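A.B. asks: Let me see the structure of the following:
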Amino acid sequence: MARRLETFLFAWANSSAERGWVRRTFSITCLLLAWVCANGAIWDVVQMVAWTRMFAEHARALPVGEALRETFDPAKPCAICLAVAKAKDVENKQAPQQTERSAEKLLLACQPAEKILLVAPLTEWPEAPSRPALVRTEPVPVPPPRSLVA
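C.D. replies: Numbering: from 1, shown residues only. This is a model prediction of the structure:
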């Protein structure tokens, strides 16, 4: 039994397709978690956990309808709900205030303004060959010339 498990795990670990799947799944999961944390949605997840715990506690002693009303009653928040509300308030106060946007183009601090350069075109262009020089004067041979070597 242990030998079969060891063989299976060795084959699975050496399979490139499985390693690729695990690596891709792990990277997507980490990216999703980072996105959730960066957007502040982590507090919503904590709030959901708090509501679930409150509902489970209330459902032990009360009917389901009453437990739902008690869970979502804003006058009776739990300690986790209060902590989430406080954290969201602090996050909103620390967020940068929205600036008034104008119709003018905003220049970056490190970006120099583009210079406008007006230059007269060069007048010393080479002269074009005269028109008659381009006309062919001899007739074009109709059959191609044949070589004399046979």
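A.B. asks: how near is the nearest residue to V49 once chain neighbours are set aside to H58?
C.D. replies: If the residues on either side of it in the chain are set aside, V49 comes closest to I80, at 7.3 Å by Cβ to Cβ, 6 or more residues apart in numbering. Just so you know, the C-beta spots here come from the backbone N, C-alpha and C atoms, and that holds for glycine as well. Separation of I80 from H58 (Cβ to Cβ, to the nearest Å) stands at 14 Å.
A.B. asks: Which one of the two is surrounded by more residues?
C.D. replies: H58 (19 against 15; other Cβ atoms under 10 Å).
A.B. asks: count of neighbours near T71?
C.D. replies: 21.
A.B. asks: these two touch, right, it and A50?
C.D. replies: No. Assessed by Cβ atoms under 8 Å, T71 is found out of contact with A50, at 9.3 Å.
A.B. asks: Tell me the buried residues in the host helix or strand of the residue nearest to V49?
C.D. replies: Assigning secondary structure by DSSP states H and E places I80 in helix 79-94. Buried residues in helix 79-94, counting neighbours by 16 or more other Cβ atoms under 10 Å, are found at 81, 84.
A.B. asks: tell me what that helix is packed against?
C.D. replies: Helices and strands touching helix 79-94, by 3 or more Cβ pairs under 8 Å, 6 or more residues apart in numbering; DSSP states H and E, are helix 42-61.
A.B. asks: lowest-pLDDT helix or strand in the chain?
C.D. replies: helix 2-14 (a mean of 66; mean pLDDT, DSSP states H and E).
A.B. asks: What angle do helix 42-61 and the next helix or strand after it make with each other?
C.D. replies: For helix 2-14, the following helix or strand on the C-terminal side (DSSP H and E) is helix 16-38. Helix 16-38 and helix 42-61 meet at an angle of 90 degrees, taking axes from the mean of the first three to the mean of the last three Cα atoms, to 10 degrees as the criterion.
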